[in-house]
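Student: Below: sequence and its predicted model.
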Amino acid sequence: MKILVVSQYFWPENFRINDLVKEWVARGHYVTVLTGKPNYPDGQVFQEFAREPERFSRYEGARVHRVPMLARSQGAVRLMLNYLSFVIGGCLWGPWLLRGLRADVIFVYEPSPITVGLPAILLGRLKRAPVVLWMLDLWPETLAAVGAVRSPGVLRMVGHLVSFIYNRCALVLGQSRAFIDSIGHYCRDRSKVRYFPSWAESLFLQADGARAPEVPTATDTFSILFAGNIGEAQDFPSILDAAEMLRHNERVRWLIVGDGRRFEWVKGEIVRRQLHERVLLLGRFPVERMPSFYAHADALIASLKADPTFSMTIPGKVQSYLLAGKPILGMLDGEGASAIEAAGAGLVCPAGDAQGLVSAIECMAGMSPEERLAMGTRGRQYAEGEFDRDRLMDRLLAFFSEVVAASPHKAKPR
């Protein structure tokens with residue numbers, strides 16, 4: 001099968017689309033990627049890419065085309081221009097870069113923004129190929145949830161854009177079951193809305209292996225690890241409130257691995273609250289290094305802000321946490337909390353409940369190593385059943401076969 005991927009984010013940026021592309025190539029499919037210049041999350045084009053862009057024109061056997069695009073930089077205005085510039089680059093340069101390319105299916109990876117669907121729809125028309133859109137963030141709901149847009153009129157306009165995109169896709173996939181109704185609200189044909197969750201990368205099975213040297217060795221500690229994006233949605237004010245409440249408990253320490261738009265704010269708050277002895281801000285590392293940081297953890301923390309939109313979301317890190325076999329502390333509502341509780345893999349408190357998180361930490365820290373190990377084992381077993389990577393890869397390729405077979409253009413030249 002000839003698969004064209006349209007994604008604003010791609011390797012060397014760290015997103016799950018990289019794993020999908022690698023898997024498709026390994027299974028014998030021909031994959032081409034249309035993307036932008038790597039600049040997430042710092043907002044600056046990666047130096048190694050700027051020096052030698054040709055080094056990044058191939059990934060695991062897939063051909064990679066990159067359109068002109070403004071880097072994210074800082075501030076909401078620049079972020080909107082970043083989104084818009086990918087749409088313009090994808091629509092104007094995309095058809096030229098992909099001239100002569102045949103595509104059986106176009107796959108759109110959407111962790112935000114929804115506008116990534118626009119160049120994909122144009123290319124779908126030009127290539128006469130069905131478009132499959134994987135929604136990891138809901139628009140316009142996410143815009144309201146993070147406070148990026150407060151105007152009802154603007155949100156309605158975004159809703160019309162979302163409807164325009166959904167109704168021109170052959171399938172729209174939601175990352176949680178709770179997404180289905182929201183997607184269906186903007187999609188005239190609800191039969192093309194399907195559930196497709198994220199998976200856990202098998203490398204997290206190594207979470208009890210060698211330990212990262214960047215983390216200071218400590219004895220008689222209860223180490224809580226946060227790994228991933230440090231943004232608005234992750235509710236770091238509540239995490240730091242909990243850390244402040246536990247500042248006099250010398251046994252508890254926090255390890256934060258990752259980067260994002262709120263990184264500098266978190267760094268400043270650690271200084272202001274005088275938490276530097278308890279909270280270690282370690283920075284960003286490649287996904288391949290993550291198991292070595294997980295190896296230091298007695299518990300892994302997943303958090304989302306209190307908002308109806310976020311309650312429909314399963315944070316991608318939850319699947320990785322479960323497969324790592326470590327107990328989980330959840331400060332979130334809805335689908336994410338339900339997954340942790342259904343697995344019996346940890347303790348959960350409501351989103352934004354810093355005091356509840358403190359209580360959960362004290363409870364888990366007081367458990368025996370055997371009790372925590374049992375939690376982690378249950379989580380791993382749940383992940384292997386519910387979020388098994390190979391089964392999900394098979395399901396996605398079955399979706400592709402379905403839309404290709406149903407395409408009125410399948411027998412015509414592209």
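Tutor: Yep, it's here.
Student: burial count for residue 402?
Tutor: Counted by other Cβ atoms under 10 Å, the residues lying close to residue 402 total 17. In short, each C-beta sits where N, CA and C put it, glycine included.
Student: ugh, typo on my part, it should be residue 315
Tutor: Summarising burial for residue 315: neighbours were counted as other Cβ under 10 Å, giving 24.
Student: Which stretches in the stretch 101-250 of the chain count as helices?
Tutor: With DSSP state H, counting those that start in this stretch as the criterion, the stretch 101-250 of the chain has helices at 117-127, 141-145, 152-166, 179-186, 236-245.
Student: Rebuild those helices as JSON lines, extending it with distance to residue 212, mean neighbour count and mean pLDDT.
Tutor: As requested, those are exported to JSON lines (distance: least, Cβ to Cβ, whole Å; neighbours: other Cβ atoms under 10 Å; pLDDT from 0 to 100):
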{"stretch": "helix 117-127", "distance to residue 212": "38", "mean neighbour count": "21", "mean pLDDT": "97"}
{"stretch": "helix 141-145", "distance to residue 212": "32", "mean neighbour count": "21", "mean pLDDT": "76"}
{"stretch": "helix 152-166", "distance to residue 212": "41", "mean neighbour count": "16", "mean pLDDT": "90"}
{"stretch": "helix 179-186", "distance to residue 212": "34", "mean neighbour count": "18", "mean pLDDT": "92"}
{"stretch": "helix 236-245", "distance to residue 212": "20", "mean neighbour count": "21", "mean pLDDT": "97"}
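Student: Is it possible to get a markdown table of those helices that adds distance to residue 387?
Tutor: Putting those into a markdown table (distance: least, Cβ to Cβ, whole Å) gives the following:
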| stretch | distance to residue 387 |
| --- | --- |
| helix 117-127 | 25 |
| helix 141-145 | 22 |
| helix 152-166 | 25 |
| helix 179-186 | 16 |
| helix 236-245 | 25 |
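Student: what about these, which gets the closest to residue 279?
Tutor: If you check each of these against residue 279 by Cβ to Cβ, helix 236-245 wins as the nearest, at 5.3 Å.
Student: so where is this protein shaky, pLDDT-wise?
Tutor: Residues of the chain meeting the criterion pLDDT under 70: 146-149, 409-414.
Student: Where does the record place the domain boundaries for it?
Tutor: The record's domain parsing of the chain by automatic domain parsing lists 2-199+388-406, 202-386.
Student: rewinding a little: of all the helices of the stretch 101-250 of the chain, which lies closest to residue 353?
Tutor: When these are compared (using Cβ to Cβ), the closest one is helix 236-245, at 7.3 Å.
Student: Could I have the CA atoms of that closest one written out in PDB?
Tutor: Listed in PDB are the C-alpha atoms of helix 236-245, where the atom choice follows Å, rounded to 0.1, in the frame of the first residue of the first chain:
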ATOM      1  CA  PHE A 236       1.700  22.100  36.900                       C
ATOM      2  CA  PRO A 237       0.300  24.700  39.300                       C
ATOM      3  CA  SER A 238      -1.500  21.800  41.100                       C
ATOM      4  CA  ILE A 239       1.500  19.500  40.900                       C
ATOM      5  CA  LEU A 240       3.800  22.200  42.500                       C
ATOM      6  CA  ASP A 241       1.100  22.900  45.100                       C
ATOM      7  CA  ALA A 242       1.300  19.300  46.100                       C
ATOM      8  CA  ALA A 243       5.100  19.400  46.100                       C
ATOM      9  CA  GLU A 244       5.000  22.500  48.400                       C
ATOM     10  CA  MET A 245       2.700  20.700  50.800                       C
END
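Student: moving C-terminal of it, what's the next helix or strand?
Tutor: Using DSSP states H and E, the helix or strand that directly follows helix 236-245 along the chain is strand 252-259.
Student: Which elements pack onto that next one?
Tutor: Counting contacts by 3 or more Cβ pairs under 8 Å, 6 or more residues apart in numbering; DSSP states H and E, the secondary-structure elements packed against strand 252-259 are strand 222-229, strand 279-283, helix 290-294.
Student: The first one pairs with which strands?
Tutor: Strand pairing for strand 222-229, using DSSP bridges, gives strand 252-259 (parallel), strand 299-303 (parallel).
Student: most packed of those strands?
Tutor: With neighbours defined as mean count of other Cβ atoms under 10 Å, the strands paired with strand 222-229 peak in mean count at strand 299-303, which reaches a mean of 26.
Student: Following the chain past that one, name the next helix or strand.
Tutor: With DSSP H and E, the next secondary element past strand 299-303 is helix 308-311.
Student: buried ones in that next one?
Tutor: Applying a neighbour-count criterion of 16 or more other Cβ atoms under 10 Å, one finds 309, 310, 311 buried in helix 308-311.
Student: of all those, which comes closest to residue 232?
Tutor: Closest to residue 232, out of all of those and judged by Cβ to Cβ, is residue 310, at 10.2 Å.
Student: In contact with that closest one, which residues?
Tutor: Neighbouring residues of residue 310 by Cβ atoms under 8 Å, 6 or more residues apart in numbering: 145, 233, 304, 332, 333, 334, 351.
Student: my read: the fourth one touches residue 303, true?
Tutor: Right, residue 332. Yes - the pair residue 332 / residue 303 is scored as a contact, 5.8 Å apart, by Cβ atoms under 8 Å.
Student: Need the overlap of contacts for the two.
Tutor: residue 351.
Student: thought residue 400 was touching residue 103?
Tutor: No - the criterion here is Cβ under 8 Å, and residue 400 misses it with residue 103 at 11.0 Å.
Student: one step back: and which of the buried residues of helix 308-311 is nearest residue 241?
Tutor: Sorting those by how near they are to residue 241, with Cβ to Cβ, puts residue 310 at the top with 17.9 Å.
Student: So what does the residue nearest to residue 311 when sequence neighbours are not counted look like in phi/psi?
Tutor: The shortest distance from residue 311 to any residue that is not its chain neighbour, by Cβ to Cβ, 6 or more residues apart in numbering, is 2.9 Å, and that residue is residue 334. Torsion angles at residue 334 (phi, psi; degrees, to the nearest 10) stand at phi 70, psi -130.
Student: shouldn't residue 82 be in contact with residue 74?
Tutor: No - with contact defined as Cβ under 8 Å, residue 82 does not count as touching residue 74 (10.8 Å).
Student: Which one's more surrounded, these two?
Tutor: Neighbour count, other Cβ under 10 Å: between residue 82 and residue 74, residue 82 has more, with 20 against 12.
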